[in-house]
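[1] what follows is a predicted structure for the sequence shown.
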Amino acid sequence: MNFSGVVTYWQENLLEYTIALGLVVGFYILSRVFSAFVFRFLLFLTRKTKSDYDNKLIQAFKKPVTVLIVLTGFYLAGQYLLEEPSSQFFLTRLMRSAIIIFIAQGLYNLVSSTSGLLIKIGSAYDLDKLFLSLLSKTIRAVIIAISFTILVQEWGYDITGFVAGLGIGGLAFALAAQDTVANIFGGIVILTEKPFTIGDWILAGEVEGTVEDITFRSTKVRTFAQALITMPNSVLAKQPITNWTRM
């Protein structure tokens, strides 16, 4: 087969696949350029601003955006190769689902308990690390729940019955775990109002001693007789607390 025959065969049988491959490779290179240059330039610009939140936002979304650019290449290549409208519609749904997932991932990264954003907020408002951890997990759970709801609706499923079932199940769970929930809210009150901290000498009701540990469920106090008392936070939050260390 001569050269002209090879070119003719390529044009008739492989041209479309070559263009699709070129789209994938081109968007992969574009993602590398974004990662190596554009994001660095954006980080450079945010360092000159007074707010540090822009920097945290860019870092949280760097990886999701990079992966999304590569997936865009695959999406365009698939749309170019596929001819059936049903296949194109299915591919579009996949792409929209990927966008939802990567936006959720960026937000998920942004509210990590070890992320600079929450650490900065904690230092600005003098919040306890344990409280920041609870705040991070709560926001992350909300992000996951909202993203899951949007994804389910994107694929055409009705979640009304599912949500109603969750409401009934949640009510039953709340009734069965009233004491645990009360202790958690008591722990939040203690961590936010900070009537004492670890190492303080306190008197709460008939319990007097040094605070050894504070969790969301309970507080551990070491008495002067070296006994360890674990007090539920719901009980502790209702009692007058004398902090002798802060005299």
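    Structure received. Because the structure is predicted, anything quoted here is derived from the model rather than measured. Numbers count the residues shown, from 1 in each chain.
[2] buried residues of stretch 83-96, list them for me.
    Under the neighbour-count criterion of 16 or more other CB atoms under 10 Å, stretch 83-96 has 91, 94, 95 buried. Quick note: C-beta positions are derived from backbone N, CA and C, even for glycine.
[3] and these as TSV, adding distance to residue 33?
    Formatted as TSV, those follow (distance: CB to CB, whole Å):
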residue	distance to residue 33
91	25
94	25
95	21
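[4] now those residues as JSON lines including distance to residue 40, pLDDT and secondary structure?
    Shown next, in JSON lines, are the buried residues of stretch 83-96 (distance: CB to CB, whole Å; pLDDT from 0 to 100; DSSP: H, G, I helix; E, B strand; the rest coil):
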{"residue": "91", "distance to residue 40": "32", "pLDDT": "90", "secondary structure": "helix"}
{"residue": "94", "distance to residue 40": "31", "pLDDT": "90", "secondary structure": "helix"}
{"residue": "95", "distance to residue 40": "27", "pLDDT": "91", "secondary structure": "helix"}
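[5] closest to residue 60 out of these?
    The closest of the buried residues of stretch 83-96 to residue 60 turns out to be residue 95 (CB to CB; 21.5 Å).
[6] give me the most central residue, the chain.
    Centroid check for the chain by CA atoms, centre = their mean gives residue 108 as the closest residue, at 1.9 Å.
[7] any buried residues in the longest helix along the chain, and which?
    Ranked by number of residues, the top helix in the chain under DSSP state H is helix 53-81. In terms of neighbour count (16+ other CB under 10 Å), helix 53-81 has its buried residues at 55-62, 64-66, 68-78.
[8] and what of stretch 142-162?
    The neighbour-count check on stretch 142-162 (16+ other CB under 10 Å) flags 143, 147 as buried.
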